[in-house]
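[1] Need the 3D shape of this:
(one chain, ligands or ions: 3)
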Amino acid sequence: MTVVLLLCIITSQLTVVLSSAGNFWTYKGSLGADHWHLDYPHCGGIRQSPIDLQTRDVVVDQTYLSPLVFSGYDRVSNLFFRLENNGHTVQVGLNDKTMMISGGGLGATFVAEQFHFHWGAVDERGSEHSVNGRHFPMEMHIVHFNKKYGNFSSSVGKVDGLAVLGFFFEIGRFNEHFQEIIDHFGEIQFKNQHININSIPMIDLMPARLTNYYRYHGSLTTPPCFESVTWTIFNETIEIAEEQLVEFRTTIFENDKSDGGVFMDISDDYRPVQCMFRRRLYASHPSLKYDMASPRENGNDGVSNQPTRLLFSMFLVCIWCILPFFSF
Ligand SMILES: *[C@@H]1O[C@H](CO)[C@@H](O)[C@H](O)[C@H]1NC(C)=O
Ligand SMILES: *[C@@H]1O[C@H](CO)[C@@H](O)[C@H](O)[C@H]1NC(C)=O
Ligand SMILES: [Zn+2]
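    Ligands and ions are numbered 1, 2, ... in the order given. Okay, here's the model as predicted:
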């Protein structure tokens, strides 16, 4: 009896230690996304992120989803950016809390805390969100906390605590603004390395047109997966050159510098899309609502096998969404 009790206490303490270390999850293998909910119950919730943005089912609301108001995004901050490899991503900490967003149906003022990236090992994947099943090679998240809660840690667990802006990347022109960050990757190759770099006006890192976006309520896409995020995903993408993406893929490792042996790159640090359940997806402009089955303007994109692909992915989504009701 005592032994059992002791064992229970020890294992529960151990779990607390492991969980609070915050690093015992990965994107691959036995600690991968399918298992997060075991240690982090919120990850098994019904308002999780990312999701597939299905343009056919969008609810357009141009009045409510007015353009966001950005303040401080066009200025160079007096403080450095804190560039960090946290073992899961490249993250840039925004030290002075002077950049804020409001309007756009957010219902409050949110302060920018950090931004980070999710990217794939190849061009066909990497983004967390997708549009009608299509993924992009990279996605950037600018994470904001609700000003009324004072800081990030007080906001992260509140239902209206966070607002994240999501941007898709597409392969294209060389992007000189992101290069200022990439230039320092050599100094943050390994987990827990960080350096201060000159700040960049955030507006330079974002697309020009920010009026067209999707909106839904979801979660952090990493453990503890709190369902505290008002998501805004922009329609206009950011261009980046293939060679710049290759820097993300090949120079950033998930290992400590002291780890011997093989270093693993962080590529494919994205969570698979989650079920929509009873949520609605909103959009700020009528052009964002369209039927995915309608033929593309620029033809020659394997249109012939699209219906088959569509049916197959609908089948997969159904299975995937029903599954949680049967386990446990
Ligand atoms: C965040 O704010 C709370 C409440 O005001 C405070 O107790 C806490 O120490 C703050 N945390 C940080 C990291 O500043
Ligand atoms: C942006 O919207 C247009 C339609 O207005 C669509 O063709 C395009 O794929 C969208 N891009 C993204 C990233 O959703
Ligand atoms: Zn993210």
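[2] what does this structure have sitting close to ligand 2?
    For the chain, the residues in contact with ligand 2 (CB under 6 Å from any ligand atom) are 131, 168, 235, 237, 287-288. All C-beta atoms are positioned from the backbone trio N, CA, C, and that covers glycine.
[3] What distance do you get for whatever residue of the stretch 51-200 of the chain ends up closest to ligand 2 to ligand 1?
    Proximity of the stretch 51-200 of the chain to ligand 2 (CB to the nearest ligand atom) peaks at V131, 4.3 Å away. As defined by CB to the nearest ligand atom, to the nearest Å, V131 lies at a distance of 36 Å from ligand 1.
[4] Please tell me the pLDDT value assigned to that residue.
    V131 carries a pLDDT value of 98.
[5] again, but for G161
    Per-residue confidence at G161 stands at 98 (pLDDT).
[6] quick one: contacts for the residue in the stretch 201-328 of the chain that ligand 1 sits nearest to?
    In the stretch 201-328 of the chain, no residue comes nearer to ligand 1 than S228, which is 15.0 Å away by CB to the nearest ligand atom. S228 sits next to 155-162, 219-220 when contact means CB atoms under 8 Å, 6 or more residues apart in numbering.
[7] Where do the helices of the stretch 51-200 of the chain begin and end?
    Remark: helices assigned in the stretch 51-200 of the chain by DSSP state H, counting those that start in this stretch are 152-155, 176-182.
[8] So which of these is nearest Q244?
    helix 176-182 (5.8 Å; CB to CB).
[9] Quick check: buried residues in the closest one?
    For helix 176-182, burial by neighbour count (16 or more other CB atoms under 10 Å) applies to 178, 180-182.
[10] for stretch 248-262, same thing?
    248-249, 251-255.
[11] Same question for stretch 284-292.
    Applying 16+ other CB under 10 Å to stretch 284-292 flags 284-285, 288 as buried.
[12] and what of stretch 191-198?
    Buried-residue list, stretch 191-198, by 16+ other CB under 10 Å: 191, 193, 197.
[13] With respect to R279, which of those residues is nearest?
    Nearest member of those to R279, counting by CB to CB, is K191, at 34.2 Å.
[14] so who does the closest one touch?
    85-87, 253-257.
[15] Apply 7 Å and report the result again.
    85-87, 254-256 (CB atoms under 7 Å, 6 or more residues apart in numbering).
[16] residue in the stretch 51-200 of the chain nearest to ligand 1?
    N151 (3.7 Å).
[17] interface residues of the stretch 101-250 of the chain facing ligand 1?
    Going by CB under 6 Å from any ligand atom, the residues of the stretch 101-250 of the chain near ligand 1 are 150-151, 153-154.
[18] Tell me the first helix or strand C-terminal of the least confident helix or strand in the chain by mean pLDDT.
    None of the helices or strands of the chain scores lower by mean pLDDT, DSSP states H and E than helix 2-21, at a mean of 39. For helix 2-21, the following helix or strand on the C-terminal side (DSSP states H and E) is helix 36-39.
[19] could you pull out the strands for the stretch 201-328 of the chain?
    For the stretch 201-328 of the chain, applying DSSP state E, counting those that start in this stretch gives strands covering 213-218, 229-234, 238-240, 282-283.
[20] Tell me which other helices or strands the second one touches.
    Here strand 229-234 touches strand 162-171, strand 213-218, going by 3 or more CB pairs under 7 Å, 6 or more residues apart in numbering; DSSP states H and E.
[21] What of the first one?
    In terms of contact count using 3+ CB pairs under 7 Å, 6+ apart, strand 213-218 is assigned the packing partners strand 229-234, strand 282-283.
[22] got JSON lines for those strands, with mean neighbour count and mean pLDDT too?
    Output for the helices and strands packed on strand 213-218, formatted as JSON lines (neighbours: other CB atoms under 10 Å; pLDDT from 0 to 100):
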{"stretch": "strand 229-234", "mean neighbour count": "24", "mean pLDDT": "98"}
{"stretch": "strand 282-283", "mean neighbour count": "21", "mean pLDDT": "98"}
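[23] Go through those strands and name the closest to G93.
    strand 229-234 (18.4 Å).
[24] can I get the residues of the stretch 101-250 of the chain next to ligand 1 in CSV with neighbour count?
    Output for these, formatted as CSV (neighbours: other CB atoms under 10 Å):
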residue, neighbour count
G150, 12
N151, 13
S153, 11
S154, 13
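[25] these two touch, right, M99 and M202?
    Yes: applying CB atoms under 7 Å, one finds M99 in contact with M202, separated by 6.0 Å.
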